[in-house]
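S.K.: Everything below, folded, please.
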Amino acid sequence: MAGQVPEVMNSIRPATGHTSLDKRAPSPVPVLLCGDPLDCLGQLVVHDSEARDALERHRARAIVIGIHIPDTDRSRKAVKYRLRNAHDTVNTHLRRHPLVRHIIYIVHPDSGQGAPDTAVRLLSGTVGAHHAEIEMRHGRDVCITGIVTSVHTSPVALTERVTDRIRTTPIEGSYATTWDEIADRPLAAAAAEALL
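M.R.: Just a heads-up that it's a prediction; the model follows:
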């Protein structure tokens, strides 16, 4: 993971053709995609010259990090190890990209691992602790979201959830959930319900 070169991409496709200002898609948000390549992240972003330029000028606005958890007898230990590595990767990119305001962990356990409860609990603790650390160490207000995916995760719907999250300023500083909780609704709705 440490040796991987991150990619910066846009979270949505740019508007094309002639449309009124009201109907145009919002301008792309430069997203730094790093970590493990996950099938569910395949629809998230589109390469273009503006995105590459944002990476070169250290202007990413969000970091999305893919974390694959292999099928293992020690799933709890594997999750903790992979989250620690992801945490270090994110901290490295935060120093280089001062405009980042969203960090999204996408955790994909192999299907043989059963219920994602352990992964969500560990992810929730990680995003909460990481949020507090970033505020203290970097002096930045960053929203950190964690999503534990499954074999049922729709890449198109996940793209919508992540893009919507990046374009908002959530009330909560950190939130972790499973794909099942957000499959049919926005992350903001699920996070607001969790706060109640």
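
S.K.: So which residues of the protein form helices?
M.R.: For the chain, the helices defined by DSSP state H cover 49-56, 75-96, 117-138, 155-166, 179-182, 187-195.

S.K.: what comes up buried for the third one?
M.R.: Residues of helix 117-138 classed as buried under the neighbour-count rule (16 or more other Cβ atoms under 10 Å) are 118-120, 122-124, 126-128, 130-131, 134. The C-beta positions use only the backbone N, C-alpha and C, and glycine is treated the same way.

S.K.: quick one: which of those residues is nearest residue 150?
M.R.: Distance to residue 150 across these (Cβ to Cβ) is lowest for residue 119, with 10.2 Å.

S.K.: Return the distance of that closest one relative to residue 108.
M.R.: Here the criterion is Cβ to Cβ, to the nearest Å. By it, residue 119 lies 9 Å from residue 108.

S.K.: Name the residues contacting each of these two.
M.R.: Common neighbours of residue 119 and residue 108 are listed as 69, 148 (criterion: Cβ atoms under 8 Å, 6 or more residues apart in numbering).

S.K.: Now for the protein, the helix or strand with the poorest mean pLDDT.
M.R.: Ranked by mean pLDDT, DSSP states H and E, the weakest helix or strand in the chain is strand 7-10, scoring a mean of 47.
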